[in-house]
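Undergrad: Okay, predicted coordinates and the sequence, questions at the end:
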Amino acid sequence: MAEPLRVALLGCGVVGTEVAQRLTTHAEAYAERIGARLELTGIAVRDTDRTRAGIDPALITDDAEGLVGRADIVVELMGGIEPARSLILKAISHGASVVTANKALLAEHGADLLAAAVQAGVRLEYEAAVAGAIPIVRPVGESLAGDKVQRILGIVNGTTNYVLDKMDSEGWEFDDAVKKAQELGYAEADPTADVGGHDAAAKAAILANLAFHTPVSLSDVYVEGITAVTAADVARAKAEGYAVKLLAICERLEQADGSDGVSARVYPALVPHEHPLASVHGAFNAVFVESEAAGELMFYGQGAGGAPTSSAVLGDIISVARRRVLGGRGQSEPSNGALPLLPIDQIRTRYHITLDVVDRPGVLSKVTEVFASHGVSIETVRQKLAPVDGAGNDGAERAELIIATHLGAESALAATVKSLEKLDVVNAVASTLRVEGLQ
Ligand SMILES: NC(=O)C1=CN([C@@H]2O[C@H](COP(=O)(O)OP(=O)(O)OC[C@H]3O[C@@H](n4cnc5c(N)ncnc54)[C@H](O)[C@@H]3O)[C@@H](O)[C@H]2O)C=CC1
Ligand SMILES: N[C@@H](CC=O)C(=O)O
Ligand code: NA
């Protein structure tokens, strides 16, 4: 058996607690798998006075810097940008390998951190940063490295999937579902990162980097969250044969000159009930990958929560520990390709537009003229006489039009909605949702 490896844990919250407990309870098994014992030397936290069930109080410290300076492996589970970034850089400069679940940090500073790891000849692993327990970072980054990834459609945020699912299947209110997701340990310290789509956008940036070998950071990702999604949207979608899902989409797109570009984006979308992503319930995540040679692949599992996320973190710890015992090269070079990043208006998608309109002859033709003027082709139009607002309106003078478009340019679709908003016969554009996952 090789010399023990000193492990420093930064953070003892939802995920850190599970990691610390398993490092203790499974110590013998891990030692056999690695060929060296893992010695947990300390756990850095903000509040040292709190008692933590199942954690040896002697390990708790507020001296994160000191801990990092004496470690072979640093496990960063604090979250946030600083001091996580500086501590990871310090660990790397001391020759320690690093494991992190911090997608926000990786999406903003991943390139610098990976370059520092390459320089120092150490590993930086982050399987837990995308879709929690699901092995997806290694499959996309390594297993599919010889293939050509065309598209990734992912439900990569457990909180928002939980919220949308509860609204859909049990009629919960948005705020109640968010609160429950917080209690269950799915949400970020600030849940606006979840509901605003930024957590999913960070994961989209990480996946796009790996899939397209091109640097993509958080600011390159177009983001819409789920805060504008209403119970009426979810109910209407269900009646029309769709589930509303917050999707992270990474796509290789052909540009006008025939060369490839990359789009990374996050928005709530209608997914047809027949698509496998529509059956992903609760805080589960799923990542649907389409590539040239492999075809379609689906990765499914628990995307949030302490225990599931600890599985990915522990796998990374064992992987970097084995590497230290066996020797060998450190981090491989980060993405250095140069596919251009395409703005949202260059993608092609489908819209479902729900209009609250005046119910009188000639309205439909006025509405369809707007679509035609923007070169947008309509697939179906449904009209309901029921009132849109459900607030005592008898429906006599108002109707709801649900218009599904064919595939079209985002720029034309968005311009169509703007024109519809100005049309005198349109009381309101009640909802606009993109449709994804149709063949
Ligand atoms: N909770 C989840 O389901 C998942 C979380 N993650 C990521 O894992 C990381 C940790 O998440 P959670 O465990 O949920 O967070 P948490 O908020 O429950 O725990 C954070 C821990 O870090 C400590 N900490 C924070 N700032 C510190 C500082 N400046 N100095 C010392 N200690 C500090 C806190 O005292 C606490 O022990 C985050 O990057 C998060 O995005 C990733 C996948 C899933
Ligand atoms: N807040 C995140 C946690 C995992 O990454 C989520 O809800 O998915
Ligand atoms: Na993962």
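TA: All right, it came through fine. Ligands and ions are numbered 1, 2, ... in the order given.

Undergrad: for the most centrally placed residue in the chain, what are its contacts?
TA: By Cα atoms, centre = their mean, the mean C-alpha position of the chain lies nearest to residue 200, the distance being 2.7 Å. Residue 200 sits next to 154, 156, 157, 160, 194, 223, 246, 247, 248, 266 when contact means Cβ atoms under 8 Å, 6 or more residues apart in numbering. The C-beta positions use only the backbone N, C-alpha and C, and glycine is treated the same way.

Undergrad: Leaving aside the residues adjacent along the chain, what's closest to residue 240?
TA: Distances taken as Cβ to Cβ, 6 or more residues apart in numbering put residue 402 closest to residue 240, at 7.0 Å, once the chain neighbours are dropped.

Undergrad: what about the residue nearest to the centre of the chain, which SS state?
TA: helix (DSSP: H, G, I helix; E, B strand; the rest coil).

Undergrad: Could you check the pLDDT of residue 329?
TA: As predicted, residue 329 sits at a pLDDT of 76.

Undergrad: I'd like to know how far the nearest residue to it once chain neighbours are set aside sits from residue 269.
TA: Distance criterion Cβ to Cβ, 6+ apart; nearest residue to residue 329, sequence neighbours excluded, is residue 121 at 7.0 Å. As judged by Cβ to Cβ, to the nearest Å, residue 121 and residue 269 stand 42 Å apart.

Undergrad: Check residue 42 too.
TA: Distance, residue 42 to residue 269, using Cβ to Cβ: 44 Å.

Undergrad: So for those two, which sits in the more crowded spot?
TA: The residue with more neighbours, out of residue 42 and residue 269, is residue 269; 25 against 21, by other Cβ atoms under 10 Å.

Undergrad: Between the two ends of stretch 219-235, what distance do you get?
TA: End-to-end distance for stretch 219-235, by Cα to Cα, to the nearest Å: 33 Å.

Undergrad: how about the residues of the stretch 201-350 of the chain near ligand 2?
TA: Proximity of the stretch 201-350 of the chain to ligand 2 (Cβ under 6 Å from any ligand atom) is limited to residues 303, 304.

Undergrad: ok, which stretches of the stretch 201-350 of the chain are helices?
TA: Ranges of helices within the stretch 201-350 of the chain are 231-240, 306-326, based on DSSP state H, counting those that start in this stretch.

Undergrad: These: which one's closest to ligand 1?
TA: Comparing the helices of the stretch 201-350 of the chain by their distance to ligand 1 (Cβ to the nearest ligand atom), the top pick is helix 306-326, with 3.9 Å.

Undergrad: quick one: the closest one near ligand 1?
TA: Yes: using Cβ under 6 Å from any ligand atom, helix 306-326 reaches ligand 1 at residue 309.

Undergrad: hang on, residue 206 packs against residue 110?
TA: Yes: Residue 206 is in contact with residue 110 according to Cβ atoms under 8 Å; the separation is 6.8 Å.

Undergrad: domains for the protein, by residue range?
TA: 2-132+307-326, 137-302, 347-435 (automatic domain parsing).

Undergrad: Now mean pLDDT too, for these, in TSV please.
TA: What follows is the domains of the chain, written out as TSV (pLDDT from 0 to 100):
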stretch	mean pLDDT
domain 2-132+307-326	97
domain 137-302	97
domain 347-435	90
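
Undergrad: could you dump these to JSON lines with distance to residue 337?
TA: JSON lines is the format used below for the domains of the chain (distance: least, Cβ to Cβ, whole Å):
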{"stretch": "domain 2-132+307-326", "distance to residue 337": "12"}
{"stretch": "domain 137-302", "distance to residue 337": "4"}
{"stretch": "domain 347-435", "distance to residue 337": "20"}
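
Undergrad: counting contacts, what elements does the helix or strand where residue 65 lies pack onto?
TA: Taking DSSP states H and E as the criterion, residue 65 maps to helix 64-69. Judged by 3 or more Cβ pairs under 8 Å, 6 or more residues apart in numbering; DSSP states H and E, helix 64-69 is in contact with strand 2-10, strand 36-44, helix 84-93.

Undergrad: May I see the buried residues of the first one?
TA: Within strand 2-10, the residues that qualify as buried by neighbour count (16 or more other Cβ atoms under 10 Å) are 5, 6, 7, 8, 9, 10.

Undergrad: what pairs with it, and is each one parallel or antiparallel?
TA: strand 36-44 (parallel), strand 73-76 (parallel) (DSSP bridges).

Undergrad: Partner strands of the next helix-or-strand element following the first one and their direction?
TA: Okay, so that is strand 36-44. Next in sequence after strand 36-44, counting helices and strands by DSSP H and E, comes strand 60-61. Looking at strand 60-61 with DSSP bridges, its partner strands are strand 36-44 (parallel).

Undergrad: Great, nothing more from me.
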